[in-house]
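S.K.: Turn this into a structure:
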Amino acid sequence: MCNKHGWGNQRQTVSDSLCRMFNAWMVKEDLQIAFDIVVKHFGPTNTKISNDFLESAKDASSVTHGILINGDFTADEVTSILRNIDEMNGAKSWTVEAADADVLYGKMVDGHWVDGTFTLALREAGKASGPVHIYVVGEMGPARLESLNSVTDGNKMLTLCTGEKLRLPIQGKVWFICKNPEWSPAAFSRVAPVLVRKD
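M.R.: Next up, the predicted model:
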């Protein structure tokens, strides 16, 4: 279909895309069922069932600049995950702990604005060249996450209380590392989820 435009087989593209997505966020027991349904309706896929976390993370980050790594991790596991993602993408990175909005984004102190941890990371990322990652580690409630909706959507922009706007670089990505977050549908729609399976 549409080969004269270089699009290749659209059914194959849909099949491959769906199966890559399923690899990223479905539990192993359900993967074969999901793949079978896709193949039945869209035809064969070149995607293989995979439990490889890095492959799923790479697929997710190729689709969008906001990625959710969903799992229950020890501090050492988080360190290993972030190191592997950075090495995979050749990225420079900053890690911030999930915290209150003032700690993450900043606040006025004695009439002067003081950046929060995420704001500082975003400023530094804006000065870097090449791929950059900002990792937000820990539970982020809906209220604290609201300010990041405009960062993880197409605007890629954080607006501070002062009115200043900070843009995520072209090769910038924001990764959230937490377990089963209770986010709003708007927040979930802006990220690509990756489920880390511990077999």
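S.K.: Domain map for the protein?
M.R.: Annotated domains of the chain cover 1-50, 51-195 [automatic domain parsing].
S.K.: pull the CA atoms of stretch 182-189 into CSV?
M.R.: Output in CSV follows, covering the C-alpha atoms of stretch 182-189 (Å, rounded to 0.1, in the frame of the first residue of the first chain):
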residue,chain,number,x,y,z
GLU,A,182,-1.9,7.6,40.4
TRP,A,183,-1.8,10.1,37.6
SER,A,184,-4.6,11.9,35.7
PRO,A,185,-5.5,10.6,32.2
ALA,A,186,-3.9,13.8,30.8
ALA,A,187,-0.6,13.0,32.5
PHE,A,188,-0.7,9.4,31.3
SER,A,189,-1.5,10.4,27.7
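S.K.: Spatially nearest residue to Lys179 (excluding sequence neighbours)?
M.R.: Asp72 (4.6 Å; C-beta to C-beta, 6 or more residues apart in numbering). C-betas here are computed from N, CA, C, even on glycine.
S.K.: Was I right to think the one you found contacts Pro181?
M.R.: No - in this structure Asp72 lies outside contact range of Pro181 using C-beta atoms under 8 Å: 12.0 Å.
S.K.: Of those two, which one has the most company?
M.R.: With neighbours defined as other C-beta atoms under 10 Å, Asp72 and Pro181 compare such that Pro181 has more, 19 against 10.
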